[in-house]
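In: sequence and predicted structure, then a few things I'm wondering about:
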Amino acid sequence: MKDMRVVEALATPNAAADIRVRGWVRTRRDAKDIAFVELNDGSCLANLQILAEEGSPVFAALAGAQTGYALEAVGDLVESPGQGQRWELKAREIHILGAADQSLYPLQKKRHSDEFLRGIAHLRPRTNKYGAAFRVRSEAAFAIHSFFRTRGFYYVHTPILTGADCEGAGEMFRVTTLPIWNETTRSNEEDPLAGDFFGRECNLTVSGQLEAEALAMGLGRVYTFGPTFRAENSNTPRHAAEFWMIEPEASFFDLTDNMALAEDLVRHVSRHALEHCAADLDLFNRFVDNGLMDRLRSLAEGTYQRVSYGDAIEILAKSGRKFEFTAVFGQDLQTEHERFLAEEYFCGPVTVFNYPKEIKAFYMRANDDGRTVAAMDLLAPKIGELIGGSQREERLGRLEQRLAELGRDIKDYWWYLDLRRFGSVPHSGFGLGFERLIMLLTGIGNIRDVLPFPRTPKNLEF
């Protein structure tokens, strides 16, 4: 007997005797003298049809088995006379592995709203949409690792617990072992955190960038791929409190190298998805976003434009479009500006570079004009900002000056400044929000629906 997953059974070139499959019943229908069961095990979008003839032991074994039941079926894979399927399993044995009370089981043969399915996130991977989304997510992760590996980048792991605030946003989750009732009793102590686990303030990381820079100063090219956290009280479709980030850092890369790397990464992952997730992407193209496939082909094979921030502001000002937020030099681009540039003006992905220093982080390299820094954002249709990065400031004096301008305590960055004291080199990097990439690949419009178990304000289920 040979065990097969559904994806293997459906792709087999020849009929096969004596195979075993396992999965969950999607649907069951009974004809005059035969039962048809659609079985899915999560390995692909399609189901394998199981046949059980009335009066046979397997038909009796199916008694009561309905949507949601877990089954094991043994039999012969034979050609199917039905349309839309090449193979079906003529069962000789069927075993019920797990029942599903039909009065309680929430997934039935009908379309459920995304909002409803978020409330049963533990079961939604069994649906077509979410099974497809999480398979695409898996393939995209594999594509990212293969991309960096073939370009000589080392996969590194940076801390999740940190005492550094990379972005300076202050929107970080605090981590402590101190009892909550000690907050008031410790208020008169000279150092209220002295008794905490680390003896100082500790937070969940918002980025592994600073540590990745240190690793790049010894390994040359590195990347992180892991969870990051933002304590933003935001309920938009684009934000979550816990999400995954891809952050490469490369020594001897300038801004131009950095932009090319970002563009190549998006191109590679889009191409990989088109090649390896065709059935799942077709589902999204038909039922979620009917322009998805054309957009992905453009991302995989099309041209990536570049425009300076100053020119982008001028384009927006002259567009004749009435935006909710007026585009003004010195202010960050809003999502509506980013999408206009990518979807309507350039009609494809575009990288905006050289932003005003006032709206960017302390570590970005100052340009010679004194007004801007060597920053870059890659904007994609339907998403807006997909990637944000920069050439890092490698000059010790300039970095110390910038930290002072922002009121930062230089002592908190002693090791980061050491990287500029001892063999400093030009280097660059960026951050890619993995969930936004999955939204781009699937057309799904809410970040809660590309995360298996989303963490958002007031939501800590599962």
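Out: Received the coordinates, thanks.
In: residue ranges for the strands of the stretch 351-462 of the chain, please.
Out: 372-380, 384-391, 427-433 (DSSP state E, counting those that start in this stretch).
In: just the C-alpha atoms of stretch 323-335, please, in CSV.
Out: Presented in CSV, the C-alpha positions along stretch 323-335 are these (Å, rounded to 0.1, in the frame of the first residue of the first chain):
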residue,chain,number,x,y,z
PHE,A,323,-6.2,64.0,-2.4
GLU,A,324,-7.4,63.8,1.2
PHE,A,325,-3.9,64.9,2.3
THR,A,326,-2.1,67.5,0.2
ALA,A,327,1.3,66.4,-1.0
VAL,A,328,3.8,68.9,0.4
PHE,A,329,7.6,68.7,0.4
GLY,A,330,8.8,67.8,3.9
GLN,A,331,5.9,65.5,4.7
ASP,A,332,5.7,61.8,4.2
LEU,A,333,3.7,60.3,1.4
GLN,A,334,0.3,59.0,2.3
THR,A,335,-1.0,55.7,1.0
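In: pull the contacting residues for the residue lying farthest from the centre of the chain.
Out: Distance from the C-alpha centroid of the chain, by C-alpha atoms, centre = their mean, peaks at G55 (49.4 Å). Contact partners of G55, counting by C-beta atoms under 8 Å, 6 or more residues apart in numbering, are D33. Heads up, the C-betas are built off the backbone N, CA and C, glycines and all.
In: what of Q66?
Out: Q66 neighbours (C-beta under 8 Å, 6+ apart): V25, R28, A100, Q102.
In: L283 too?
Out: L45, N128, K129, A132.
In: top of these by number of neighbours, please.
Out: In terms of neighbours by other C-beta atoms under 10 Å, the contacts of L283 top out with A132 at 24 neighbours.
In: if I look at that residue, how far off is N258?
Out: Going from A132 to N258 by C-beta to C-beta, to the nearest Å gives 32 Å.
In: same check on G431?
Out: From G431 to N258 the distance is 11 Å (C-beta to C-beta).
In: these two - which one has more neighbours?
Out: Using other C-beta under 10 Å, the more surrounded residue of G431 and N258 is N258, with 27 against 23.
In: isn't the more buried one right up against H427?
Out: No - between N258 and H427 there is no contact under C-beta atoms under 8 Å: 9.3 Å.
In: list the residues that contact both of the two?
Out: With C-beta under 8 Å, 6+ apart as the test, N258 and H427 both reach A250, Q391.
In: so what sits against both of G431 and N258?
Out: Contact criterion C-beta under 8 Å, 6+ apart; residues shared by G431 and N258: G389.
In: contacting residues around the closest residue to E232 other than its chain neighbours?
Out: Excluding the flanking residues, the one nearest E232 by C-beta to C-beta, 6 or more residues apart in numbering is E171, at 5.1 Å. Under the criterion of C-beta under 8 Å, 6+ apart, the neighbours of E171 are V206, R230, A231, E232.
In: now do the SS call for the third one.
Out: With DSSP: H, G, I helix; E, B strand; the rest coil as the basis, A231 sits in coil.
In: check contacts around it.
Out: Counting by C-beta under 8 Å, 6+ apart, A231 touches E171, M172, F173, A241.
In: among the residues you listed, which two are most distant?
Out: For the contacts of A231, the farthest-apart pair by C-beta to C-beta is M172 and A241; their separation is 10.9 Å.
In: who touches both of the two?
Out: Counting by C-beta under 8 Å, 6+ apart, the residues touching both M172 and A241 are F229, R230, A231.
In: any weak-confidence spans in the stretch 251-400 of the chain?
Out: Filtered on pLDDT under 70, the stretch 251-400 of the chain yields no residues whatsoever.
In: tell me where it has helices.
Out: 255-276, 278-287, 292-301, 309-317, 335-339, 396-405 (DSSP state H, counting those that start in this stretch).
In: with distance to E435 as added columns, please give the ones you listed in JSON lines.
Out: Formatted as JSON lines, the helices of the stretch 251-400 of the chain follow (distance: least, C-beta to C-beta, whole Å):
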{"stretch": "helix 255-276", "distance to E435": "13"}
{"stretch": "helix 278-287", "distance to E435": "15"}
{"stretch": "helix 292-301", "distance to E435": "17"}
{"stretch": "helix 309-317", "distance to E435": "25"}
{"stretch": "helix 335-339", "distance to E435": "15"}
{"stretch": "helix 396-405", "distance to E435": "30"}
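In: I96: which of those helices is closest?
Out: Of the helices of the stretch 251-400 of the chain, nearest to I96 by C-beta to C-beta is helix 278-287, at 28.6 Å.
In: what's the angle between the closest one and helix 292-301?
Out: 130 degrees (axes from the mean of the first three to the mean of the last three C-alpha atoms, to 10 degrees).
In: now, of the contacts of E171, which are buried?
Out: Neighbour-count burial (16 or more other C-beta atoms under 10 Å) applied to the contacts of E171 gives V206, R230, A231.
In: between these, which is nearest G320?
Out: For the buried ones among the contacts of E171, the nearest to G320 is R230 (35.2 Å; C-beta to C-beta).
In: thinking again about what came up before, quick one: closest of the helices of the stretch 251-400 of the chain to A91.
Out: Nearest of those (C-beta to C-beta): helix 278-287, 24.8 Å.
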